[in-house]
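Asks: requesting a structural model of the entry that follows:
(4 chains)
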Number of protein chains: 2
Amino acid sequence: MTVQRDQLNAVGGNADQRAVAGPDQRPVPELRAVPEATVARLAIYLRALTGLCEQETATVSSEELAIAAGVNSAKLRKDLSYLGSYGVRGVGYDVQMLTEQIQRTLGLHENRAVALIGIGHLGQALAGYAGFASRGFRIAAIVDADPSIVGTRLRGMTVQHIATLDEVVRSENIAIAVMAVPATAAQEVCDRLVAAGVTSILNFAPTVLSVPPHVDVRKVDLAAELQILSFHDNRKNSSADWARDEREVLA
Amino acid sequence: MTVQRDQLNAVGGNADQRAVAGPDQRPVPELRAVPEATVARLAIYLRALTGLCEQETATVSSEELAIAAGVNSAKLRKDLSYLGSYGVRGVGYDVQMLTEQIQRTLGLHENRAVALIGIGHLGQALAGYAGFASRGFRIAAIVDADPSIVGTRLRGMTVQHIATLDEVVRSENIAIAVMAVPATAAQEVCDRLVAAGVTSILNFAPTVLSVPPHVDVRKVDLAAELQILSFHDNRKNSSADWARDEREVLA
DNA sequence: TCGATTTTGTGAATGCCTTCACAAGAGCGT
DNA sequence: ACGCTCTTGTGAAGGCATTCACAAAATCGA
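Replies: Numbering: from 1, shown residues only, chains lettered A, B, ... in the order given. Next up, the predicted model:
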């Protein structure tokens, strides 16, 4: 009954496995304990790189790529330095090579199979989202609990019943699941997923999920996003009001 | 042509407006420069509180609420301390009062009108998402650029053409927009929104948006979320492989 | 009234992330 | 070969966030 990790601070133990020349000779140690904040940005860099790749740019400087990704160039360089030295001083980064390196780091070398659980409005929209396929993910199973939906076809796939989850997960070798189910059903569905062997969950239900420590959960809370925007908007307006009040008082 | 803010680090000037008894007597200074990380969690606490409210709990301790929200109790107490002292030592927090206080801080005292731009699969799903209404937001306008969709009705609202954006935004007093448009159209739509007076944008298109400094952008990148999960999953498996290799070498 | 118990609010310590600033490296023209 | 220019990679510094740990407050029972 462990609690959902706050932000995937993961990075298991503080094992400090650097590229020191230890007693054995690893082929490619390749990861210098990439920080969580960096991982989140690698995905953005990858998006920017594919954009550059399409317009056939061979190399890109940290400054250019940083602008395309909307970050500071120093930050970008430090981020990339965690993957190793893939840039050339005075020239920049090779777009092709950097793309592949990031993909390898993110574990996208092979197309990853994901399961989509819950075919309400949101689930249907996610099933049709082209961005998943184009960025390394294949929806390998669509699952729901409603008997009137199970068996129907959606995007060329047959909707499976959640009771068959174990079988589906194992046969398609699925490690990642996307949950778009009602909040009331979320924990139960989550438990089933974990029992079936899923180790990573993207949760759209507005609930905190309890999972064992080896399972990662990321949540997308749409209303929370709006509330955060609302806070800033409110602050902007209060300041404006203050300024107006000041003027009126002074007048 | 300024660049999208990285994470809404906002908090405008470092004006340091504490509750010191200055020359004038503000009615309720009430905000001690709430940190960004705290704002993001306030939304979660609010969700947990409404859950408690429904089961008619009058007061709640930081420990209980922390568990319900999936965070550390010390963190929760520090977060709440930014709003002022709304707890009672030895007792806990009054659920009703705390709920109202957080809502006020987030600017949810009045129902906020939002515009939804783009009625593809995702846009339609968002239009039907009950979570918006139940958590302080009213979809006051639905907008698209496709003439064959404009004029049709969706969820009791008529889809407006994007050319009428200015009028719609002004008449409904909209400050927040949700963009669910194709990446190729995102920057143009964004510019129109800003021109119409929108100051906060929730962007579902996988693009970096350029906005003037007074506009806040938050993005939801679904594929990026999966890629982050993929990274951790990949790391888990590599470690497992390492362990296996170790055993084989030792055998 | 007083001590025992509970729980908040918060200084202080720690750790993570970002930013700065620059030495070291790579190409290029002469 | 050499100096000039460009750009990376990274120590060091600074800032922000989390966690710790405890004094201060509040209630309760005797």
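
Asks: closest residue of the stretch 51-200 of chain A to chain B?
Replies: Of all residues in the stretch 51-200 of chain A, A:G107 sits closest to chain B, at 2.7 Å by CB to the nearest CB. All C-beta spots, glycine's among them, are computed from the backbone N, C-alpha and C.

Asks: look up how far DNA strand D lies from that residue.
Replies: Computed as CB to the nearest atom of the strand, to the nearest Å, the A:G107 to DNA strand D distance reads 22 Å.

Asks: which ones are touching that residue?
Replies: For A:G107, the contacting residues are B:S230, B:F231, B:D233, B:N234, B:R235, B:N237, by CB atoms under 8 Å, 6 or more residues apart in numbering or on different chains.

Asks: hang on, the fourth one packs against A:R112?
Replies: No. Assessed by CB atoms under 8 Å, B:N234 is found out of contact with A:R112, at 9.1 Å.

Asks: quick one on the thing from earlier: closest to chain A out of the contacts of A:G107?
Replies: So of the contacts of A:G107, ranked by how close each gets to chain A (CB to the nearest CB), first place is B:N234, at 2.7 Å.

Asks: that closest one falls within a strand, correct?
Replies: No. Counting by DSSP: H, G, I helix; E, B strand; the rest coil, one finds B:N234 to be helix, located in no strand.

Asks: for it, which non-adjacent residue is spatially closest?
Replies: Nearest residue to B:N234 in three dimensions, chain neighbours excluded: A:G107, at 2.7 Å (CB to CB, 6 or more residues apart in numbering or on different chains).

Asks: what is the burial count for A:P212?
Replies: If you count neighbours by other CB atoms under 10 Å in any protein chain shown, A:P212 ends up with 9.

Asks: my guess is it meets A:A195, correct?
Replies: No. Applying CB under 8 Å as the test, A:P212 and A:A195 come out as separate, 10.2 Å apart.

Asks: do a quick rundown of the helices in chain A.
Replies: All helices of chain A, identified by DSSP state H, fall at A:36-54, A:62-69, A:73-81, A:95-105, A:121-127, A:130-134, A:165-172, A:183-196, A:222-250.

Asks: from the ones you listed, which stretch is densest packed?
Replies: Highest mean neighbour count of the helices of chain A: helix A:121-127, a mean of 21 (counted as mean count of other CB atoms under 10 Å in any protein chain shown).

Asks: who does it touch, helix- and strand-wise?
Replies: Packing partners of helix A:121-127 (3 or more CB pairs under 8 Å, 6 or more residues apart in numbering or on different chains; DSSP states H and E): strand A:112-117, strand A:137-144, helix B:121-127.

Asks: what does it rub up against?
Replies: Under CB under 8 Å, 6+ apart, the answer for helix A:121-127 is A:116-117, A:119, A:132, A:139, A:142, A:144, A:154-155, A:157, A:178, A:180-181, A:204, B:120-122, B:124-125, B:128-129, B:222.

Asks: spell out which residues of the stretch 51-200 of chain A are next to chain B.
Replies: Contacts of the stretch 51-200 of chain A with chain B, taken as CB under 8 Å from any CB of the partner chain, map to A:67-72, A:105-108, A:112, A:114, A:120-122, A:124-126, A:128-129, A:131-132, A:134-137, A:175-176, A:178, A:199-200.
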